[in-house]
Structures are given as structure tokens and as C-alpha cells.
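[1] Next input, structure requested:
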Amino acid sequence: MATQSKGRERTCPHLHQSISEAIRCAESNIGIEPGQKLRPYWGTTCQNAGLIVGWQLSPRTRWRLDFEAGATGKGPHVNEEDFRRDDHLAKVVHLIARPAISGELMVFLQCKKWTAAGNVEK
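    Below you'll find the predicted structure:
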């Protein structure tokens with residue numbers, strides 16, 4: 001589970017080498033079983049509106065792919081959100097090693113891939 005705390009968000013102690021590795025860690029923490037049915041979580045900002053940015057077990061339990069630019073930004077990462085937990089335990093950030101391509105591009109392409117798969121209800 002997460003260790004470092006920064007405000008209401010804790011950081012997973014592992015630096016994940018890929019998006020899929022960070023997702024598996026977040027899903028494990030939330031209690032999502034492999035193959036369990038999840039609903040898409042749609043972007044809510046002007047940069048990602050209309051894109052699937054993550055997946056949710058319920059409106060209070062989800063993970064989403066994100067990117068924070070800048071030298072001090074987190075870069076590509078997965079936000080784990082489980083609001084069944086106490087406030088100080090509800091949010092965990094799973095950092096992903098900086099990729100060879102732009103982290104922002106990597107996140108955008110993954111979201112486009114999920115959205116293009118189709119057969120999802122909004």
C-alpha cells in the first residue's frame with residue numbers, strides 16, 4: 001500500500017515501469033479481481049472530455065490515468081480513488097517511470113485506445 005503522504009494523497013512506494021503495472025497495483029489495492037467487470041470512467045476536463053480515462057467499480061471506487069507536466073510534475077501516473085476509506089487513505093498516486101516518448105502523449109494514446117475499443121456505455 002502507499003506510504004508517503006502529500007496532503008490528502010499518498011504515493012505508492014513502487015515506481016512502476018508501465019501503465020499496466022501501475023493499473024494492476026491500483027486494482028489490487030482496491031480489491032478488483034482479474035476479469036471483474038468495470039465501467040468506464042470518462043474524462044471531466046477540457047483536455048480529456050469524451051475520452052475514457054480510467055475504470056470504476058462504483059462511483060466511489062475507481063482508478064484513472066493522468067499526467068502532470070513540468071519538471072516538478074508527476075508525469076504519467078495512475079490515480080487510485082477509493083472513497084470507502086477514510087479521507088486520509090482514499091487517494092493513492094501510482095507513479096510511472098518517465099517514458100521514452102512524451103508522457104502526455106503516452107497517456108493520451110492509451111485513453112484513445114480505450115475509447116476507440118467501443119462497446120462501452122457512457
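
[2] The nearest residue to residue 90 once chain neighbours are set aside: how many residues sit nearby?
    Counting by CB to CB, 6 or more residues apart in numbering, residue 83 is the residue found nearest to residue 90 once chain neighbours are left out, at 5.2 Å. For the C-beta atoms, the positions are set from N, CA and C on the backbone; glycine is no exception. If you count neighbours by other CB atoms under 10 Å, residue 83 ends up with 14.

[3] And stretch 66-83, end to end?
    Distance between the two ends of stretch 66-83: 18 Å, counting by CA to CA, to the nearest Å.

[4] follow-up on the earlier one: now do the same contact list for the residue nearest to residue 90.
    The neighbourhood of residue 83, defined by CB atoms under 8 Å, 6 or more residues apart in numbering, consists of 60-61, 90.

[5] mind redoing it with 10 Å?
    Residues in contact with residue 83 (CB atoms under 10 Å, 6 or more residues apart in numbering) are 58-62, 89-91.

[6] Residue 81: neighbour count?
    Neighbours of residue 81 (other CB under 10 Å): 19.

[7] about what we covered before: next one: the residue nearest to residue 90 from residue 95, what distance?
    The gap separating residue 83 from residue 95 is 21 Å, by CB to CB, to the nearest Å.

[8] Ok, residue 77 next?
    For residue 77, the distance to residue 95 - CB to CB - is 5 Å.

[9] between these two, which one's more packed in?
    residue 77 (23 against 17).

[10] How far does the host helix or strand of the more buried one sit from its chain's centre?
    In the assignment (DSSP states H and E), residue 77 maps to strand 75-82. Relative to its chain's centre, strand 75-82 lies at 4 Å (CA atoms, centre = their mean, to the nearest Å).

[11] can you give me the angle the very next helix or strand once past that strand makes with strand 75-82?
    Downstream of strand 75-82, the next assigned helix or strand under DSSP H and E is strand 91-95. Relative orientation of strand 91-95 versus strand 75-82 (axes from the mean of the first three to the mean of the last three CA atoms, to 10 degrees): 150 degrees.

[12] For strand 91-95, output the C-alpha coordinates as PDB.
    Below are the C-alpha coordinates for strand 91-95, written out as PDB (Å, rounded to 0.1, in the frame of the first residue of the first chain):
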ATOM      1  CA  LYS A  91      -6.300   8.600  -2.700                       C
ATOM      2  CA  VAL A  92      -3.100   6.900  -3.800                       C
ATOM      3  CA  VAL A  93      -0.900   8.000  -6.700                       C
ATOM      4  CA  HIS A  94       1.000   5.300  -8.700                       C
ATOM      5  CA  LEU A  95       4.000   6.900 -10.400                       C
END
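
[13] That'll do, ta.
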